[in-house]
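In: Predicted model follows, preceded by the sequence.
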Amino acid sequence: MAAITVLAGCNHSGQAAPVQSRPSTTTKAPIPGGQLPKAAPAFTAHFSDPVYEDPAGEFAPFGTDEGSDMLSEWDERREELGPDTTVTDLLEDAGLSDVSADLDNPEDVDAATITVAAGFTLLRLSGRIDDAGKKLTLKALDVLIRYYDSPSEVLRQRADLKSWRG
């Protein structure tokens, strides 16, 4: 999985132009068969909104390239997800150990999208999430909510994750 750098344009004075909130333009190839991997029962019981089964929605946790790739990779390695596996473990395995620090930049939607992908992948495949990973994923969802002006799908994910007690 490769990190993507977003460059802001410059205005006529040579200074960086401000980046404004805008709809996502992420496009991706559909998941083969259009079906997401089977979810753990605890995930299915709590995360019941259709957004969690949407393989192509721009704000669905598995609808982005990052979400789809993370889910597909870890579905093939599901047996490696033990009771002590963390969101940080998934990020580190992908070579993205520094992504959590990037969440302090409110413009870094790539870091936020990758973090949401890791958090919901762990939840979907194992039916659990570590406390630090839950906090990190909530922080990433907040970045996306602010950047994209509160899309309902992301608000739903935040509310559902916040109420998760698994």
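Out: Looks like it came in fine.

In: lowest confidence element among the helices and strands of the protein?
Out: Each helix and strand of the chain was given a mean pLDDT (mean pLDDT, DSSP states H and E); the minimum falls on helix 99-102 at a mean of 92.

In: Just list what that one packs against, helices and strands only.
Out: helix 87-93, helix 109-126 (3 or more C-beta pairs under 8 Å, 6 or more residues apart in numbering; DSSP states H and E). Yep, even glycine has a C-beta here, placed from its N, CA and C like the rest.

In: buried ones in that helix?
Out: Within helix 99-102, the residues that qualify as buried by neighbour count (16 or more other C-beta atoms under 10 Å) are Val99, Ser100, Asp102.

In: What lies in contact with it?
Out: Counting by C-beta atoms under 8 Å, 6 or more residues apart in numbering, helix 99-102 makes contact with Ala3, Thr88, Leu91, Asp108, Asp110, Ala111, Ile114, Thr115, Leu136, all of which sit outside it.

In: Stretch 62-82 now?
Out: Outside of stretch 62-82, the residues that reach it under the criterion C-beta under 8 Å, 6+ apart are 1, 24, 26, 28, 31, 36-37, 52, 54-58, 60-61, 90, 94, 110, 113-114, 116-118, 120-122, 124-126.
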